[in-house]
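K.L.:
Structure here, sequence nowhere to be found:
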């Protein structure tokens, strides 16, 4: 009993001692100009050693605040209030309560231009950019940027490494404002160590033209910029990891980075049987070129032969056997007036896929069943080289040239068995077919951009020139046996044995002028004109066997050869307003598109003319900082593609043959978006640390 009492007294003493080691901090927040106390100001207490948020509160109606249960340590106290400059100061806490007295805040409008206010907040909102101080968020030892992103409020990362920020997909990740291995986001997020990061910045993905117009594209996507610490920009670091079941499954990755001031060199390699092995998402056919989400009036009119496959987990079907490797070199010199970025990536993806499809079609008078089993083997290989050079001529003019070049081969072989049954489970037809397809795809995207600023603030001219070259070669075979039944007995049989040879080439030229004229401090007028021309040819020929067993007999029904010339002229006018609480932009564009299609088989020419309209309206209202309501409307004309217009038969599946319709009309899409966003950095910080 004595031992129990002694232990109890000892624990009580420890508790009382521990409690006695905490104290409080209080003060009053005031306005320096109007001499009034400010209610509902946010008061945050951060530990000085690592900037971690310890406590936060808001001032009461009298502008007073109290932070209780504060342990002895060195802190930074930060006070924020809408339209006022942030206040930050160091506070040393010992055993006695701390009274900071009156804390003066100054309105931003009254600050002198040369006054700079520093803040050590964990989360900062700067216009459309949300910035996170990396060291304010706790991560495990050896954590990567991806682990850090999972800790940030408003961001999420799924099992594939795909990032969502504030409800929008992140489609681009930069390192110190530069692309890191083209547009492959997870190379950076899964390989750079979190301890190397100074800040994470999140903002809307926009082109140069979008930033001027104030109306973003329809994709509603985000960009993340990883800002490294100064010491991480000197020296080197790397990462290697591997996992295996020592039987069939292997997943290995290695990355090496070398930084020296403005120069950066990196290499990586992967081997995987559990994913594509690619460290990125969808290949957008512009590796290394900044994503441009503007509507391309003639982009859909070149027929590409099976080049939509990619090396991402998005399109993965079957069991993979994947390799990838790449290197990156970037440098800045001449006081950062010259910037160079070069990268090379190799991908190899082999897949084996077995699939089964069961369908039941319920009709008013009967029921049909369709069953299909397929085995597919594929091998895709790609070499991609991209480069970007930027030259800042002077404080008002700059030039940027980007080039992305891709060489891709695809080999596929598929065996498919299908059957159609009636409501009594009797055969209607059965089919067995084998398809093979070998595709070689070459593509080069090039863009030259010149930006000119003027002495008048806000006045700007951007000139863009583009050239794209695409060449495809396609060889494939189709062997099929289809049987058709009547009353459960074979009535007829269709045998197909064909060789399919295709080739296509496309040259696209384009130019754009974008001019911004500030009408006042809040109103801007943006005008834009663009011209695009596409010259391409497409050859599709199907051959059947002759008496000697060679594919020499042309099947004109499933063959088509044509030349295409497409021209588009587009004009856009946008009026933009930027106020304290209200931001809006509205305008529209008109495009005149002409398609000249020369049918070489029938010596017939078809001419199509389309008029496209693109009205756009965007409006946002900020109730308070980080809380806003936004509305966006986009209208766009939907014109038929060349595949829909050109009467070309495709019998890759003889039981489902599609034909073109040259009489298709233009459609129109209306898209409305309405969203409400409220982001409380203080509460978010408490959540992630709690």
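P.N.:
Nice, I can see it. Because the structure is a prediction, the values reported are computed rather than measured. Numbering: from 1, shown residues only.

K.L.:
can you map out the helices along the stretch 501-650 of the chain?
P.N.:
Remark: helices assigned in the stretch 501-650 of the chain by DSSP state H, counting those that start in this stretch are 642-645.

K.L.:
mind checking which helix or strand residue 481 is in?
P.N.:
Assigned by DSSP states H and E, residue 481 belongs to strand 460-486.

K.L.:
by contact count, what packs against that strand?
P.N.:
Applying 3 or more CB pairs under 8 Å, 6 or more residues apart in numbering; DSSP states H and E, one finds that strand 460-486 contacts helix 208-213, strand 427-453, strand 489-518. For the C-beta atoms, the positions are set from N, CA and C on the backbone; glycine is no exception.

K.L.:
Residue 398 against residue 338, yeah?
P.N.:
No - using CB atoms under 8 Å, residue 398 is not in contact with residue 338; the gap is 10.6 Å.

K.L.:
For the nearest residue to residue 661 once chain neighbours are set aside, grab the count of nearby residues.
P.N.:
Nearest non-adjacent residue to residue 661, counting by CB to CB, 6 or more residues apart in numbering: residue 644, 6.4 Å away. Residues lying near residue 644 (other CB atoms under 10 Å) number 14.

K.L.:
Need the overlap of contacts for residue 398 and residue 338.
P.N.:
By CB atoms under 8 Å, 6 or more residues apart in numbering, residue 398 and residue 338 have these common neighbours: 390-392.

K.L.:
Let's have these in a markdown table, adding pLDDT and distance to residue 575.
P.N.:
A markdown table is the format used below for the shared contacts of residue 398 and residue 338 (pLDDT from 0 to 100; distance: CB to CB, whole Å):
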| residue | pLDDT | distance to residue 575 |
| --- | --- | --- |
| 390 | 94 | 30 |
| 391 | 95 | 33 |
| 392 | 93 | 30 |
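
K.L.:
Of those, keep whichever come out buried.
P.N.:
Buried members of the shared contacts of residue 398 and residue 338, counted by 16 or more other CB atoms under 10 Å: 390, 392.

K.L.:
Of the shared contacts of residue 398 and residue 338, which is the nearest to residue 496?
P.N.:
If you rank these by distance to residue 496 using CB to CB, residue 390 comes first, at 54.5 Å.

K.L.:
about what we covered before: want to try a markdown table for the shared contacts of residue 398 and residue 338, with distance to residue 40 and secondary structure as columns?
P.N.:
Output for the shared contacts of residue 398 and residue 338, formatted as a markdown table (distance: CB to CB, whole Å; DSSP: H, G, I helix; E, B strand; the rest coil):
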| residue | distance to residue 40 | secondary structure |
| --- | --- | --- |
| 390 | 45 | strand |
| 391 | 49 | strand |
| 392 | 44 | strand |
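
K.L.:
Just the closest of the shared contacts of residue 398 and residue 338 to residue 32, please.
P.N.:
Of these, the one sitting nearest to residue 32 (CB to CB) turns out to be residue 392, at 39.8 Å.

K.L.:
who's in contact with the closest one?
P.N.:
Contacts of residue 392 by CB under 8 Å, 6+ apart are 336-338, 398.

K.L.:
Ramachandran angles for residue 60?
P.N.:
Phi and psi for residue 60, reported as degrees, to the nearest 10, are phi -80, psi -170.

K.L.:
related to what we said a few turns ago, give me the buried positions along the strand holding residue 481.
P.N.:
Residues of strand 460-486 classed as buried: 460-462, 464, 466, 468, 470, 472-474, 476-478, 480, 482-485 (neighbour count, 16+ other CB under 10 Å).

K.L.:
Can you check what angle separates it from strand 427-453?
P.N.:
Put simply, strand 460-486 runs at 180 degrees to strand 427-453, going by axes from the mean of the first three to the mean of the last three CA atoms, to 10 degrees.

K.L.:
what pairs with strand 460-486, and is each one parallel or antiparallel?
P.N.:
The pairing partners recorded for strand 460-486 under DSSP bridges are strand 427-453 (antiparallel), strand 489-518 (antiparallel).

K.L.:
could you dump the ones you listed to CSV with distance to residue 327, mean pLDDT and mean neighbour count?
P.N.:
Shown next, in CSV, are the strands paired with strand 460-486 (distance: least, CB to CB, whole Å; pLDDT from 0 to 100; neighbours: other CB atoms under 10 Å):
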stretch, distance to residue 327, mean pLDDT, mean neighbour count
strand 427-453, 20, 94, 18
strand 489-518, 29, 92, 16
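
K.L.:
nearest to residue 31, of the ones you listed?
P.N.:
Of the strands paired with strand 460-486, the one closest to residue 31 (CB to CB) turns out to be strand 489-518, at 32.2 Å.

K.L.:
Centre of the chain to that closest one, how far?
P.N.:
On the basis of CA atoms, centre = their mean, to the nearest Å, strand 489-518 sits 25 Å off its chain's mean C-alpha point.

K.L.:
Out of the helices and strands in the protein, which is least certain?
P.N.:
helix 681-689 (a mean of 38; mean pLDDT, DSSP states H and E).

K.L.:
Selecting buried members of the contacts of residue 392 in ChimeraX, what would you type?
P.N.:
Entered in ChimeraX, the line below selects the buried ones among the contacts of residue 392, by 16+ other CB under 10 Å:
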select :398
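
K.L.:
Cross the contacts of residue 392 against strands and list the overlap.
P.N.:
Members of the contacts of residue 392 lying in strands (criterion: DSSP state E): 338, 398.

K.L.:
how near is residue 661 to residue 655?
P.N.:
From residue 661 across to residue 655, the span is 20 Å (CB to CB, to the nearest Å).

K.L.:
Out of these two, name the residue with the larger neighbour count.
P.N.:
Taking other CB under 10 Å, residue 661 and residue 655 do not tie; residue 655 has more neighbours (16 against 12).

K.L.:
buried sites along the helix or strand residue 77 falls within?
P.N.:
Using DSSP H and E, residue 77 sits within strand 73-80. Buried residues in strand 73-80, counting neighbours by 16+ other CB under 10 Å, are found at 75-80.

K.L.:
ok, now stretch 90-105?
P.N.:
The neighbour-count check on stretch 90-105 (16+ other CB under 10 Å) flags 91, 93, 98, 100, 103, 105 as buried.

K.L.:
For that stretch, measure first residue to last.
P.N.:
Chord length of stretch 90-105, first to last residue, is 16 Å (CA to CA, to the nearest Å).

K.L.:
who's in contact with that stretch?
P.N.:
With CB under 8 Å, 6+ apart, stretch 90-105 has contacts from 20-21, 23-32, 38, 41, 45, 48, 70-77, 79, 81, 84-85, 87.
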